[in-house]
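can't give you the sequence, but here's the structure:
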């Protein structure tokens, strides 16, 4: 039994990666990870901002309800005086 074709590349077109390819892929992978980390931080900041704005909206809605009750009470009082 002989293995004359053992050193030939695989028949399916798969090639063994060159050393430069491995290094380039590792650098690219590191860049992608850094980008993802930066995007995650941006999302955290946006979420914090959304939560802050939501609290402000809730506070304003509560203030509007209070003002509406005050207006309604004044309207009723004015109607009673007539």
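Arrived safely. What you are looking at is a predicted structure, and each value in this text was computed from that prediction instead of being measured. Numbers count the residues shown, from 1 in each chain.

which residues of the protein fall in helices?
19-81 (DSSP state H).

Grab the most central residue of it for me.
residue 43 (3.6 Å; Cα atoms, centre = their mean).

got a pLDDT number for residue 23?
Reported pLDDT at residue 23 in the predicted model: 89.

likewise residue 9?
If you check residue 9, the pLDDT there is 56.

Then residue 58?
97.

how far away is it from residue 70?
According to Cβ to Cβ, to the nearest Å, residue 58 stands 19 Å off from residue 70. Yep, even glycine has a C-beta here, placed from its N, CA and C like the rest.

And residue 47, by the same measure?
From residue 47 over to residue 70 (counting by Cβ to Cβ), the distance is 35 Å.

For residue 29, grab the count of nearby residues.
The number of residues packed near residue 29 is 10, by other Cβ atoms under 10 Å.

next one: stretch 55-65 to chain centre, how far?
27 Å (Cα atoms, centre = their mean, to the nearest Å).

Now do the buried residues in that stretch.
Going by neighbour count (16 or more other Cβ atoms under 10 Å), nothing in stretch 55-65 comes out as buried.

And the contacts of it?
Stretch 55-65 is contacted by no other residue when judged by Cβ atoms under 8 Å, 6 or more residues apart in numbering.

next one: stretch 73-80
The contact list for stretch 73-80, computed with Cβ under 8 Å, 6+ apart, is empty.
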